[in-house]
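[1] just a sequence and a predicted model for now, questions to come.
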Amino acid sequence: MSRIGRKPITVPAGVEITIDSNNVVTVKGPKGTLTQNVHPNMTVKVEGTEILVTRPDDEKENRALHGLTRSLIANMVEGVVKGYEKKLEVNGVGYRVAKEGKKLVMNLGYSHNVVMEEGNGITFETPDSNTIIVRGIDKQLVGQIAAEVRGKRGPEPYKGKGIKYSDERIRRKAGKTGK
């Protein structure tokens, strides 16, 4: 049995879980609502304040889906209670970010400003001109949007200029050796 798949998911107070007949799990909490289609082979049951995920047999595909399904549902529960965030840092002379209404405006050394809009439950926050915080309740979407922001000007290895995750380490390279 999958160690992760066997673990029950505890449901905190204030969170509602509904499971449709066609295996659609809906989690409603204080921060919002998330839905997820679960593979038809997996069985999801709510027993009291716990959610249990079971699989029909030990086939390779079902073993792989067991832990995945449990993790996805656990992430949904955590997202509607606490939410998720990714922190990005902007390094470089003249590189800055600012929030104008619901838009994130980034000056990244191009001839124009790069603008990204909030949406789909994702919010941007700029505590200072060199930090971006991406927040939301969907873990996958927060990571995807953070990766798109980082992709606008990824960090380069010589001077370390660009946008990087706050916990990311950039491997630096030596420049030309000169004469």
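    Thanks, I have the structure now.

[2] all strands of the chain, in order?
    9-10, 16-19, 24-29, 32-37, 43-47, 50-54, 84-91, 96-100, 103-107, 114-117, 123-125, 131-136, 162-165 (DSSP state E).

[3] give the other helices and strands that the last one contacts.
    Right, the one you point to is strand 162-165. Contacts defined by 3 or more CB pairs under 8 Å, 6 or more residues apart in numbering; DSSP states H and E place strand 162-165 against strand 84-91, helix 139-151. In this view, the C-beta of every residue, glycine as well, is placed from N, C-alpha and C.

[4] out of the strands of the chain, the one nearest A146 is which?
    strand 84-91 (3.8 Å; CB to CB).

[5] please identify the buried residues of that closest one?
    Y84, K86, L88, E89, V90, N91 (16 or more other CB atoms under 10 Å).

[6] counting by contacts, list what it packs against.
    Packing contacts for strand 84-91, counted by 3+ CB pairs under 8 Å, 6+ apart, involve strand 131-136, helix 139-151, strand 162-165.

[7] if T131 is in a bridge, with which residues?
    Beta-bridge pairing for T131 (DSSP bridges): E89.

[8] show residues contacting the longest helix anywhere in the chain.
    Of all segments of type helix in the chain, defined using DSSP state H, the longest is helix 60-81. Contacts of helix 60-81 with the rest of the structure, by CB atoms under 8 Å, 6 or more residues apart in numbering, involve 1-5, 7, 9, 11-12, 14-15, 17, 25, 27-34, 36, 38-39, 41-42, 44, 51, 53-56, 84, 136-139.

[9] residues touching P12, list them.
    P12 sits in contact with G29, V77, V81, where contact means CB under 8 Å, 6+ apart.

[10] reformat the helices and strands packed on strand 84-91 as CSV; add distance to G121 and mean pLDDT.
    Converted to CSV, the helices and strands packed on strand 84-91 look like this (distance: least, CB to CB, whole Å; pLDDT from 0 to 100):
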stretch, distance to G121, mean pLDDT
strand 131-136, 5, 96
helix 139-151, 7, 95
strand 162-165, 21, 95
